[in-house]
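J.: Below is the sequence, then the predicted model.
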Amino acid sequence: MRRLKFVHFSMLLFATAAPLAALGQFQAPTKEELEMTSDPKAPGAPAVYLYREEREDDQHHFRSVYARIKVLTEAGKEAATVQIVYHKNFVFYATGDNSSRMANGFANSWSAPDPNHAGEDPRIDTNASGSHVDISPIEGRVIHSDGTIVPLKGTPADLLKMKENNSQDDKMIFNMPGVEVGSIIEYRYQVRYDRFQSAPEWQVQQPYFVHRAHYLFMPAEQFLPARQLAGGASGSMDTSAILGPHGDIDTDIRSVNILPPGAEVKKDGQGYYFVDLTDIPPIPDEKFAPAVDAQIYQVNFFYTFTPDAKDFWQAEMSAWMKEVNQYTAPTALIKSTAAEETAGLTNPLDKAKKLYALVENLQNLDFVGNAAPFLTPEYVPKGNVDAVLEKKSGNSEDLALLYLSLLRATGIEARPERITSRDRKTFSSQFMDPSQLDTVLIGVTIDGKEVLLDPGQKMAPFETLHWTHAGAGGVALTSNGKVEVIITPLQLNTDNTTVRVGSLTISPNGTVSGNLKVGFIGQEALFLRQLALRTDPGTLKQQMEKMIAAEVPDGIEAHVDRLGNLDDPNKQLVAAVPISGTFSDHAGSHIVLPRLFFETKETDPFPPDSSRVLPVDMHYPEQQQEQISYTFPSGFSLEGTPQDASLKWEENAVYTLRSKVDGNSVTNLRILARGFTLLEPAEYSKLRDFYDKVATSDRQQLVLTSAQATSN
C-alpha cells in the first residue's frame, strides 16, 4: 500500500493560518467545575463534556479538536483514552498543491505543477488510506479537584498508538495522565492532511453528555464568495479545481444533517459553515441495538459535482460498472472453466449452483487473516479475473466478481450489487460517500426472478446471505443502466434453526448419562464454520462446549465428541454431545429435574427499559427446537402431570411447550420461533413481556418420587 510523502508547511503558512485556526484555549476551571461531583442534566453520568469544539480548515488542510471533560465516576476515567478518528474521505486535486509545492511563493523549492500530472504522485484509491495524515501538535492537561495540574508530556510520536479497527476509518489513541474521579481532562490536537481536501464528518453526539459544542467548517477557497483564485490569498494552499474519484470537477458542497430539534447548520458572510449546540444527550447505549452511525446526531459535508444525490450515485455506479465489466470480461480461461464445470447441465439454476460451489471451494483470504476484514469496492482490481482463478484464491470482492464473470460466460444474466454491511452502519443514499459500500453481492436472474447470492462469504450456502448482508441497503444498476437503491431481502425463521435432541437416563442417586445431538442450520452454522476456518476444529469444539456449558444445569458436563458436516455448508452442522454428571437437587427418594435441559439458567434477555430510543436488532429471525427424553430409575414415578404452554405474540413470535409421559419416561418438546429481525422502539415492552413469559415457562421443574416414599 503506497502512501504519499508528507510535506511540512512553512512557518509563514502557520503564521497566516493561526487566526483562522484558533480554537478553544486552555482556561482556568471555575470553582463550581472543580467541586462538581454529579450533573443534574445527566444524572448518573460517568463523565460529561463541559465544552467540545471542532474546526475543519480545508484551505490549509487540517482539522482541530478541543475538549474539556469532567470525570464524575470511576467508569468516567475511561475518558482518559482519547480516540482520534481520521476518515478516508479525501478528494483529489487536479493541479496545484497536489504536486507537493507551496502556493504562497515562499519555501517553493519544488517543481511547478504539470497539467498532465507529470512527475506528481499518481492518483490513489482513497479508501486504501493512500493519503498521508499527520497528527500534530497534541497538547493536554489534567486538573484535579484540588486544582493540581498534571500536564501531558511527550511528542506525538511518543503518545500515539494505532487502534485495531474494523471500519472504513483509521483510529489512533493517546492517554491523558493521572486522571482521577473529579478531574477535568483538557486537550487539543490537529489532524493535518497535506495535498488533499476532507469535507468534515462531525459526530455531534458523543458517548457523554455535552453541555456546549461549536463546529466550524472553512471550505476550500474556490467555494468562498470573497476569494478569487487568481493569485490567491496570502497563505492559501488552494489554487486549482478539485476532482472527484472519477475525474468530475467538484463544484458544490452538500451536507446531510441529523441534529436535535431547533438546531441548524448556518453559513456566514465569509462562506463558513457553523453550528452551535447545547445540552446534547449521549449516544444511547442499549442492548440489541443496530449500528448507530447513521442514527446519532451528526453533520456530514460532501464536495460533489452535483447537489442531486441520484445524479451522484448514477455517475458513481456507471463509472464503477465500467471497471467491473472490463475486469470480469470473459476470457478464454473463464469460458473454458465455465463450460467444463457446467458440462451436461441444461437448467440455469443447476449451472448457477455448480459455479457457486466452484467459487466457494477457492481460498477466501478474508478468512485466513491475509486481507482487511472490511473491503470497500470503490475501485476494482486492474487486469482481469484470470489471476483469481489461476491462484485459486482471493478476497471476498475478488471471488464475487469471479462468480459474476463465470455466470456471464455461461450466458446467465447477473449483476453486481453494492451494499453496506448492516453491522457497520445503515446505508443512506443522501450520504454521497461510496465508502459506505463495503460488500459486493451477485444478483442472478433465473426464470425472470432475481436470486441474491453471497459468493464472497465463505461457507455460505447457495441463496444464504450472511446476516449482515440481509436487510441491508445499497445501490445497483438496472438492465437499462439506471441506478436504483436496493434493500436486500430479510430471512425467515426457518432459515436459521437450532435443534437439540436426545435421551438421558437418570439413576436413583440423581446422576445422569446419555447422548445428545445439537444441529445448526443457517447463521449459527455459518458462524461456527467460519470460526473453524479462522482457527481449527479443536478450537471450534472448545467454543461450542462453552456455549453448551452456559445452558445446561449445574453439575452436568457436556463435551463435544465429534462434529458432522463441518466442511459441507449445504448440510446441517451436527455436534455429538455425551452428557454426564449429577443433578444438584436430589435427596434419596426425590429427584428434581429441569423440565427443559438447556434452559435451566435462562433469564429474560431484555432488560427493563421504559424509554427505549433505538430499534431492536436481533440480527436474524430464528427457530429453536428441543426434544429430549428422561428415562426414570426403576421404582420412581413422575409427580403430577406437566402442564402444556402456548404463547403467541401477534406475527412476531410463537412458543410451544409440551410433555409426553410414557411409562418410566417423559419427553419434553419445546419450539420457539421468532419471525422478526428489526423491531421499533415502541414495541420493546411487548418484546420483553413475551420473553419474560417464555423464561418463566422454561424454568419449570419435574419431580421424581420413589415408590417407597409414596407408600410411606
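T.: Received it, and whenever you're ready, just let me know what you need. Numbering: from 1, shown residues only.
J.: The stretch 301-450 of the chain: helices as residue ranges?
T.: All helices of the stretch 301-450 of the chain, identified by DSSP state H, counting those that start in this stretch, fall at 309-328, 332-341, 348-360, 386-391, 396-409.
J.: which of those helices is buried the deepest?
T.: With neighbours taken as mean count of other CB atoms under 10 Å, the helices of the stretch 301-450 of the chain reach their highest mean count in helix 396-409, at a mean of 26. Heads up, the C-betas are built off the backbone N, CA and C, glycines and all.
J.: Does anything pack onto it? Which helices or strands?
T.: helix 309-328, helix 332-341, helix 348-360, helix 386-391, strand 414-419, strand 439-446 (3 or more CB pairs under 8 Å, 6 or more residues apart in numbering; DSSP states H and E).
J.: Just the residues contacting the second one, thanks.
T.: The set of residues external to helix 332-341 that reach it, using CB atoms under 8 Å, 6 or more residues apart in numbering, is 330, 354-355, 358, 385-386, 389-390, 405-407, 409-410.
J.: quick one: buried residues of stretch 517-525?
T.: For stretch 517-525, the neighbour count (16 or more other CB atoms under 10 Å) marks Val518, Gly519, Phe520, Ile521, Gly522, Gln523, Glu524, Ala525 as buried.
J.: my bad, should have said stretch 248-260
T.: Asp248, Asp250, Ile253, Arg254, Ser255, Val256, Asn257, Ile258, Leu259.
J.: Averaged pLDDT, it. What do you get?
T.: For stretch 248-260, the mean pLDDT works out to 91.
J.: hey, C-alpha coordinates of it in PDB?
T.: Taking Å, rounded to 0.1, in the frame of the first residue of the first chain, the C-alpha atoms of stretch 248-260 are listed here in PDB:
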ATOM      1  CA  ASP A 248     -15.500  15.100 -12.300                       C
ATOM      2  CA  ILE A 249     -14.800  18.600 -11.100                       C
ATOM      3  CA  ASP A 250     -16.500  19.200  -7.800                       C
ATOM      4  CA  THR A 251     -18.400  22.400  -7.900                       C
ATOM      5  CA  ASP A 252     -20.800  22.000  -5.000                       C
ATOM      6  CA  ILE A 253     -20.900  21.500  -1.300                       C
ATOM      7  CA  ARG A 254     -23.700  19.400   0.100                       C
ATOM      8  CA  SER A 255     -24.400  18.500   3.700                       C
ATOM      9  CA  VAL A 256     -26.600  15.900   5.400                       C
ATOM     10  CA  ASN A 257     -27.700  17.000   8.900                       C
ATOM     11  CA  ILE A 258     -29.200  14.900  11.700                       C
ATOM     12  CA  LEU A 259     -29.500  17.400  14.500                       C
ATOM     13  CA  PRO A 260     -31.600  18.000  17.700                       C
END
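J.: Ala241: how many residues sit nearby?
T.: When neighbours are counted by other CB atoms under 10 Å, Ala241 registers 15.
J.: Need the helices and strands packed on helix 396-409 in JSON lines (columns: mean pLDDT and distance to Gly456).
T.: Converted to JSON lines, the helices and strands packed on helix 396-409 look like this (pLDDT from 0 to 100; distance: least, CB to CB, whole Å):
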{"stretch": "helix 309-328", "mean pLDDT": "95", "distance to Gly456": "14"}
{"stretch": "helix 332-341", "mean pLDDT": "97", "distance to Gly456": "17"}
{"stretch": "helix 348-360", "mean pLDDT": "97", "distance to Gly456": "9"}
{"stretch": "helix 386-391", "mean pLDDT": "93", "distance to Gly456": "11"}
{"stretch": "strand 414-419", "mean pLDDT": "97", "distance to Gly456": "11"}
{"stretch": "strand 439-446", "mean pLDDT": "97", "distance to Gly456": "6"}
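J.: and those as TSV, adding distance to Ala213?
T.: Formatted as TSV, the helices and strands packed on helix 396-409 follow (distance: least, CB to CB, whole Å):
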stretch	distance to Ala213
helix 309-328	27
helix 332-341	54
helix 348-360	49
helix 386-391	48
strand 414-419	33
strand 439-446	34
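J.: Show me which of the contacts of helix 332-341 is closest to Glu557.
T.: For Glu557, the nearest member of those is Leu358. The distance, counting by CB to CB, is 42.6 Å.
J.: Setting aside sequence neighbours, what's the nearest residue to the most centrally placed residue in the chain?
T.: Central residue of the chain (CA atoms, centre = their mean): Arg424, 2.3 Å from the mean position. Closest residue in space to Arg424, ignoring its immediate chain neighbours: Ala291 at 5.6 Å, by CB to CB, 6 or more residues apart in numbering.
J.: What residues does that neighbour make contact with?
T.: Arg422, Asp423, Arg424, Lys425, Thr426.
J.: residues in contact with stretch 344-361?
T.: Taking CB under 8 Å, 6+ apart as the rule, stretch 344-361 contacts 337-338, 341-342, 399, 402-403, 406-407, 410, 412, 444, 446-447, 451, 453, 455, 458-460, 462, 569.
J.: Of all the helices of the stretch 301-450 of the chain, which one comes closest to Pro508?
T.: Nearest to Pro508, of the helices of the stretch 301-450 of the chain and by CB to CB, is helix 348-360 at 52.0 Å.
J.: In PDB, list the C-alpha atoms belonging to that closest one.
T.: Written as PDB, here are the backbone C-alpha positions of helix 348-360 (Å, rounded to 0.1, in the frame of the first residue of the first chain):
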ATOM      1  CA  PRO A 348     -29.700 -22.400 -15.500                       C
ATOM      2  CA  LEU A 349     -30.300 -22.900 -11.700                       C
ATOM      3  CA  ASP A 350     -28.200 -26.000 -11.700                       C
ATOM      4  CA  LYS A 351     -25.400 -24.200 -13.600                       C
ATOM      5  CA  ALA A 352     -25.500 -21.300 -11.200                       C
ATOM      6  CA  LYS A 353     -25.200 -23.700  -8.200                       C
ATOM      7  CA  LYS A 354     -22.300 -25.600  -9.800                       C
ATOM      8  CA  LEU A 355     -20.400 -22.400 -10.500                       C
ATOM      9  CA  TYR A 356     -21.200 -21.100  -7.000                       C
ATOM     10  CA  ALA A 357     -19.700 -24.300  -5.500                       C
ATOM     11  CA  LEU A 358     -16.500 -23.800  -7.600                       C
ATOM     12  CA  VAL A 359     -16.000 -20.300  -6.200                       C
ATOM     13  CA  GLU A 360     -16.800 -21.400  -2.700                       C
END
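J.: Quick check, His559 in contact with Glu545.
T.: Yes: between His559 and Glu545 there is a contact under CB atoms under 8 Å: 6.0 Å.
J.: what's the closest of the helices of the stretch 301-450 of the chain to Val512?
T.: Across the helices of the stretch 301-450 of the chain, closest to Val512 is helix 348-360 (CB to CB), at 40.7 Å.
J.: ok, now how distant is Ala309 from Ser428?
T.: 9 Å (CB to CB, to the nearest Å).
J.: can you check Phe274 too?
T.: 23 Å.
J.: And these two? Which one has more around it.
T.: The neighbour comparison of Phe274 against Ser428 (other CB under 10 Å) goes to Ser428, with 18 against 14.
J.: Make JSON lines out of the contacts of helix 332-341 and add distance to Glu264.
T.: Listed next are these as JSON lines, based on distance: CB to CB, whole Å:
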{"residue": "Pro330", "distance to Glu264": "53"}
{"residue": "Lys354", "distance to Glu264": "57"}
{"residue": "Leu355", "distance to Glu264": "53"}
{"residue": "Leu358", "distance to Glu264": "55"}
{"residue": "Val385", "distance to Glu264": "49"}
{"residue": "Asp386", "distance to Glu264": "53"}
{"residue": "Leu389", "distance to Glu264": "54"}
{"residue": "Glu390", "distance to Glu264": "56"}
{"residue": "Ser405", "distance to Glu264": "49"}
{"residue": "Leu406", "distance to Glu264": "51"}
{"residue": "Leu407", "distance to Glu264": "49"}
{"residue": "Ala409", "distance to Glu264": "54"}
{"residue": "Thr410", "distance to Glu264": "54"}
